[in-house]
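J.: Mind folding the following:
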Amino acid sequence: MVTSQNCLNLIVTSYFLEIEWLYTRIMRDYLIEDFTSIINDCKISLNNLNDVIMYHISMLVSDTQLHALKDRKSKGDKFISNIYRTKIDH
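T.: You can find the predicted model right below:
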C-alpha cells in the first residue's frame, strides 16, 4: 500500500527496477496529488534524487505547490532550489 511516508521510496525503487507503470502511477496518483504535505513531512534529505525523477517532478508540480513548501535548508536540503533549477533548465 502506498502512503505519504513510503511514496518517495517507492518512486525511487520503481524507477531503479524499471517498473515504469508503477513509477508513473505512484508519481501521478500519490506524489503529485499530495505533493506539498509529502515533501513538507519528509524527514530525509532529498538532495540525492536522481535527475530523471527531479525532472518528472518539476514538470508535474505547479508553481502553487512549490510556493507552499516549507524551507528545507535547515536540513541542508536543496530540494526546492533544485526543482526550480530543473524547471528553468528544461
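
J.: Next up, the contacts around the residue nearest to the spatial centre of the chain.
T.: Among the residues of the chain, the one closest to the centroid is residue 57, at 5.4 Å (CA atoms, centre = their mean). By CB atoms under 8 Å, 6 or more residues apart in numbering, the contact set of residue 57 is 27, 31, 32, 49, 83, 86. The C-beta positions use only the backbone N, C-alpha and C, and glycine is treated the same way.

J.: ok, of the residues you listed, which one's closest to residue 63?
T.: Among the contacts of residue 57, residue 83 lies closest to residue 63 (CB to CB), at 10.4 Å.

J.: count of neighbours near that closest one?
T.: For residue 83, the neighbour count with other CB atoms under 10 Å is 21.

J.: Would you agree residue 14 is in contact with residue 30?
T.: No - judged on CB atoms under 8 Å, residue 14 makes no contact with residue 30 at a distance of 11.4 Å.

J.: so where's this structure uncertain?
T.: Residue ranges of the chain with pLDDT under 70: 74-75.

J.: where along this structure do the helices fall?
T.: 7-16, 20-26, 35-41, 51-60, 63-67, 79-89 (DSSP state H).

J.: residues of stretch 36-56 that come out buried?
T.: 38, 39, 42, 46, 49, 53, 54, 55, 56 (16 or more other CB atoms under 10 Å).

J.: And stretch 78-90, by the same measure?
T.: 79, 80, 82, 83, 86, 87.
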